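Student: one predicted model, sequence on top.
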Amino acid sequence: MSLAIEEAKLASRRLEVPVGAVLVRASTGEVLASHHNTVDEEDDPTAHAELKCIRDGAKRLGGWRYLAETTLYVTLEPCPMCAGAVLNARLGEVVWGAPNPLIGGDGSWLPIMGDGGGADVAEADVDEPEDAVRSCSIPGGGGPVRPHAFKPTLVVRRRVLEEECAALMRSFFRERRDASKAAREVARAEAEDADPPRTSS
């Protein structure tokens, strides 16, 4: 997850939403792919860190069917698009950091990946995997009506290094709001200078 956080920081420096992801071979920990969001840079709404890792990981392993042997680490709860890709690519495990209340695909908005344990689940410490691990084959809990047809046993670990991951998002959007406010104030001042108030004679 620390590597994914470094990727997220790189995205932030490039003015992209700070999400980073790393795909590793589960048996050895070998890093197969490491990416951050490049939606604005590529002008591509699908250029999410998770999707880029899945694509590169499949190439590296010699085919997408080998992705069952991998774990994806991502700093933010995957969106529905990425959650769907995770399931259809049949990854073995996903580990995410901060919940995504707006469009999270693991229960914060839609429970695509598992039992709906996104923003509503209690904070889980990385040293307590029994509290952090859920399977999408577990019934109830507000999750899907039935397990995913192709990947009924996806393992999900949630809220790993949550505060560090969330802090990146908060800082990024605070800076964007501040920059937008400053730009509006400059534009207002320029408009006032260009059109000074008229005085009666």
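Tutor: Thanks, I have the structure now.
Student: whichever helix or strand residue 6 is part of: which residues count as buried?
Tutor: For residue 6, the host element (DSSP states H and E) is helix 2-13. Residues of helix 2-13 classed as buried by neighbour count (16 or more other C-beta atoms under 10 Å): 4-5, 7-12. For glycine as for every other residue, the C-beta is placed from the backbone atoms N, C-alpha and C.
Student: now the longest helix belonging to the chain: buried residues?
Tutor: For the chain, the helix with the greatest residue count under DSSP state H is helix 162-194. Residues of helix 162-194 classed as buried under the neighbour-count rule (16+ other C-beta under 10 Å) are 162, 165-166, 168-169, 172.
Student: for residue 35, which non-adjacent residue is spatially closest?
Tutor: Counting by C-beta to C-beta, 6 or more residues apart in numbering, the nearest residue to residue 35 once its immediate chain neighbours are dropped is residue 52, at 3.9 Å.
Student: related to what we said a few turns ago, which one of the buried residues of helix 2-13 is nearest to residue 151?
Tutor: Proximity of those to residue 151 (C-beta to C-beta) peaks at residue 4, which lies at 21.3 Å.
Student: just give the number of residues close to the residue lying closest to that closest one once chain neighbours are set aside.
Tutor: Ranked by C-beta to C-beta, 6+ apart and with sequence neighbours excluded, the top spatial neighbour of residue 4 is residue 20, at 4.2 Å. Applying other C-beta atoms under 10 Å, we find 30 residues neighbouring residue 20.
Student: nice, that's everything, thank you.
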